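[1] Task: produce atomic coordinates for the following.
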Amino acid sequence: MTFSEILNILLGGGLLALVVGVITLKATVRKANAEAERAKADAESVRITNTENATRILVENIVKPLKEELNATREDLQATKREMASTKREMQRLRKAVESASNCPHSAGCPVLGKLRDNQKGSDGTDSDGAGKGGFGHGSVRNKNDPKGGGAFEQGGDSNPYG
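    Numbering: from 1, shown residues only. Coordinates of the predicted model:
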């Protein structure tokens, strides 16, 4: 075997194998890179899907019930505000009526005003039930002829309304 034959075998087959190997290796690297990109895209798709699912679950399980509770609380608040306004109007009417009661000709013997006065005095801790303060009717005088107090009422004449 001569030197040229040896070089021919080594270089001829080896060079061809090297060229084939490099071409095959480049194709394999391209294929691996494409598969890696595809895997990255799939992973991103899964991440986006998981994020969407998590957001949907969050909205269904937390946000919607909180919105419903908030709306119910707002409705209750509005009802309470309406009730407070109604109570305030009633209190103003009552205050106006009580203030104008002092102008009543029967205010001296009025059991309602007496009870209010007793309640004001009783705020210091004393008993303020107003027992024994009359209570026969607004400005009325008990009939002396009716011991049970269930009959007719007369007004005027006697200056003592509890007669």
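[2] In the protein, what residue spans correspond to helices?
    Ranges of helices in the chain, per DSSP state H, are 3-7, 14-58, 64-101, 111-121.
[3] which secondary structure elements does the third one contact?
    The reference is to helix 64-101. helix 111-121 (3 or more CB pairs under 8 Å, 6 or more residues apart in numbering; DSSP states H and E). Backbone N, C-alpha and C define where each C-beta goes, glycine included.
[4] low pLDDT regions in this structure?
    By pLDDT under 70, the weakly predicted segments of the chain are 9-15, 122-163.
[5] Domain boundaries for the protein, per the record?
    The record's domain parsing of the chain by automatic domain parsing lists 3-79, 106-163.
[6] So which of the helices of the chain is the most surrounded?
    Mean neighbour count (mean count of other CB atoms under 10 Å) peaks for helix 111-121 among these, with a mean of 14.
[7] what are the C-alpha coordinates of it, in CSV please?
    Extracted in CSV, the C-alpha atoms of helix 111-121 (Å, rounded to 0.1, in the frame of the first residue of the first chain):
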residue,chain,number,x,y,z
PRO,A,111,-100.2,64.6,82.4
VAL,A,112,-98.0,64.3,79.3
LEU,A,113,-96.1,67.5,80.2
GLY,A,114,-95.9,66.4,83.8
LYS,A,115,-94.4,63.1,82.7
LEU,A,116,-91.8,64.9,80.5
ARG,A,117,-90.9,67.2,83.4
ASP,A,118,-90.5,64.2,85.7
ASN,A,119,-88.3,62.5,83.2
GLN,A,120,-86.1,65.5,83.0
LYS,A,121,-85.9,65.7,86.8
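[8] No more questions from me, cheers.
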